[in-house]
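Engineer: predicted model, plus sequence, below.
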Amino acid sequence: MSTVTHDKIVSIHYTLKNDAGDVLDSSDGNEPLMYLHGAGNVVVGLENALDGKTMGDVISVVVSPEEGYGERQGPGPQAVPLSAFGPDAELDPGMAVFAEDDDGQQIPLWVVAVQGDQVLLDQNHPLAGVTLHFDATVVGIRDATAQELAHGHVHAHGHDH
Ligand code: ZN
């Protein structure tokens, strides 16, 4: 029987809640989430909980920020003029934009809010500092293709090269 191991493409249906029980995210009513296992495509706490599972297995796992999206850090949201972005830039709250640091590395910044002609950007993922409560069901397991392994991510739902 196929099991969830390194280099498998795994499909899960999942619900993500916070400590208060609020649903933060869910695949309910959508396609299952597909990811390349062992590649860090999903948070490490969820990936570890799914390791070795088989089709139909149900897991319930509480993931600390350290194994989730990290602890919150830095000075908090910074205001940047909207004019720093192109006219077609999509700047909805929760979206990531990429900035270049002094070494030319791409670093993600998350949009907190757009206020007038300024956009508030934060270095923290919106779920940083949040304890994540995942309920997930394994609904698919297959071998990754050579191209998927080379790219380090799944090719599905129109993602193609
Ligand atoms: Zn690719």
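Structural biologist: Cool, got the structure.

Engineer: quick one: the helices in this structure?
Structural biologist: Ranges of helices within the chain are 44-50, 146-151, based on DSSP state H.

Engineer: for the last one, give me every contacting residue.
Structural biologist: I take that to be helix 146-151. For helix 146-151, the surrounding residues in contact (C-beta atoms under 8 Å, 6 or more residues apart in numbering) are 7, 9, 36, 154, 155, 161. Just so you know, the C-beta spots here come from the backbone N, C-alpha and C atoms, and that holds for glycine as well.

Engineer: contacts only, for the residue nearest the centre of the chain.
Structural biologist: What sits nearest the mean C-alpha location of the chain, by C-alpha atoms, centre = their mean, is residue 42, with 5.6 Å. Residue 42 is in contact with 33, 35, counting by C-beta under 8 Å, 6+ apart.

Engineer: for it, give me phi and psi.
Structural biologist: Main-chain dihedrals, residue 42, degrees, to the nearest 10: phi -120, psi 170.

Engineer: now, of the contacts of helix 146-151, which are buried?
Structural biologist: 9, 36, 154, 155 (16 or more other C-beta atoms under 10 Å).

Engineer: ok, the spatially closest residue to residue 16 that is not a sequence neighbour - contacts?
Structural biologist: The shortest distance from residue 16 to any residue other than its chain neighbours is 4.3 Å, reached at residue 25 (C-beta to C-beta, 6 or more residues apart in numbering). The contact partners of residue 25, by C-beta under 8 Å, 6+ apart, come to 14, 15, 16.

Engineer: fine, thanks again, bye for now.
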